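1. Return a 3D structure for these sequence lines:
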Amino acid sequence: MKKILVCNQKMYLTPDEAKRLKDQIDTLDVSKIELVICPSYLNYEVFNEYLLGAQDSFYEDKGPYTGKVSAYELSLRGIKYSLVGHSETRDHDDDKIINLKLKAILRNSMTPILCVGETKLDRELRRTPEVIKKQLETALSDIKLDNYQTLYVAYEPRYLIGGKNALSKTEIIDAISYIKKIIDYMGIKNYKLLYGGSVNSKNVDSVLIDCLDGLLLGLSSVSFDELRKIIECIK
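-> As a prediction, this is how the structure comes out:
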């Protein structure tokens with residue numbers, strides 16, 4: 001089974017920088033991993049030879065929604081994946097909105113990458129289990145996957161995003177085991193589990209564990225040296 005590597009490029013790259021990175025990625029052997037690249041909307045054409053994901057998508061297919069891009073529009077362009085519930089969108093999307101977005105992604109035959117995770121305050125108050133449980137139960141409410149569909153769930157502690165340190169192996173195993181228990185209880189069969197949150201070339205060895213199907217990268221996905229080292233480690 002191939003390990004999954006989702007590269008969330010956020011808003012880091014200009015078109016010229018994206019083209020330069022793409023030319024560098026072309027030199028790598030990525031045949032043994034499932035590499036999903038999530039560029040900014042303006043850089044889709046640069047990476048169109050790769051599996052593409054959206055960094056976010058709207059829950060209505062069409063309508064008077066200024067500045068929004070729908071899962072329907074993305075699917076027509078051949079985008080196969082979409083992040084949903086990323087920490088940087090949870091500031092204005094509650095779990096019910098995330099549920100609507102997730103349904104739209106599935107309705108348009110795309111694969112959702114659902115991000116869940118606690119804040120630093122949640123962790124300090126030992127609320128991580130209840131926070132993750134609520135996020136999953138609300139986001140996955142009334143979700144039914146067809147036989148050909150798969151749900152990706154990425155655990156990203158929100159307070160670690162953009163930093164240098166990931167969770168310890170034991171902490172990741174505990175969180176992933178808990179997430180798996182909730183998803184299984186909800187009756188969802190086809191899913192993959194990812195970890196994100198300050199993954200880089202220095203700690204990737206410690207976060208690549210058997211219970212994970214892959215990783216979600218942020219800043220480290222736009223540095224070729226970092227990305228190359230991570231891919232080599234995965235291989």
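2. Now the residue of the chain most remote from its centre. Its backbone dihedrals?
-> If you look at how far each residue of the chain sits from its centre, by Cα atoms, centre = their mean, the farthest one is Pro64, at 27.5 Å. For Pro64, the backbone dihedrals (degrees, to the nearest 10) come out as phi -80, psi 70.
3. Against Thr89, how distant is it?
-> With the distance defined as Cβ to Cβ, to the nearest Å, Pro64 ends up 21 Å from Thr89. Every residue, glycine included, has its C-beta placed from N, CA and C.
4. Export the longest helix seen in the chain to PDB, keeping only CA atoms.
-> Longest helix in the chain by number of residues, with DSSP state H as the criterion: helix 169-185. Extracted as PDB, the C-alpha positions of helix 169-185 are listed here (Å, rounded to 0.1, in the frame of the first residue of the first chain):
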ATOM      1  CA  LYS A 169       5.200   8.900  18.400                       C
ATOM      2  CA  THR A 170       3.200   7.800  21.400                       C
ATOM      3  CA  GLU A 171       1.000  10.900  21.300                       C
ATOM      4  CA  ILE A 172       0.300  10.300  17.600                       C
ATOM      5  CA  ILE A 173      -0.600   6.700  18.200                       C
ATOM      6  CA  ASP A 174      -3.000   7.500  21.000                       C
ATOM      7  CA  ALA A 175      -4.800  10.200  19.000                       C
ATOM      8  CA  ILE A 176      -5.000   8.200  15.800                       C
ATOM      9  CA  SER A 177      -6.300   5.100  17.700                       C
ATOM     10  CA  TYR A 178      -9.000   7.300  19.300                       C
ATOM     11  CA  ILE A 179     -10.000   8.800  15.900                       C
ATOM     12  CA  LYS A 180     -10.100   5.300  14.300                       C
ATOM     13  CA  LYS A 181     -12.400   4.200  17.200                       C
ATOM     14  CA  ILE A 182     -14.900   7.000  16.600                       C
ATOM     15  CA  ILE A 183     -14.900   6.600  12.800                       C
ATOM     16  CA  ASP A 184     -15.500   2.800  13.100                       C
ATOM     17  CA  TYR A 185     -18.300   3.400  15.600                       C
END
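5. any residues touching it, and which ones?
-> Helix 169-185 is contacted from outside by 116, 128-129, 132-133, 136-137, 140, 151, 153, 155, 166-167, 191, 193, 195, 206-207, 209, 211-212, using Cβ atoms under 8 Å, 6 or more residues apart in numbering.
6. for stretch 205-225, what is the average pLDDT?
-> Mean pLDDT, stretch 205-225: 94.
7. Kindly report the same for stretch 109-129.
-> Looking at stretch 109-129 alone, the average pLDDT works out to 94.
8. on that earlier part again, in strands, which of the contacts of helix 169-185 fall?
-> By the criterion of DSSP state E, membership of those in strands covers Val116, Leu151, Val153, Tyr155, Tyr191, Leu193, Tyr195.
9. Where does the closest residue to the third one other than its chain neighbours sit: helix, strand or coil?
-> By that I understand Val153. If you skip the residues right next to it in sequence, Val153 has Leu114 as its closest partner in space, 5.0 Å away by Cβ to Cβ, 6 or more residues apart in numbering. When the structure is split into helix, strand and coil by DSSP: H, G, I helix; E, B strand; the rest coil, Leu114 lands in strand.
10. who's in contact with Leu114?
-> With Cβ under 8 Å, 6+ apart, Leu114 has these contacts: Val84, Gly85, Ile98, Leu102, Ala139, Leu140, Leu151, Tyr152, Val153, Ala154.
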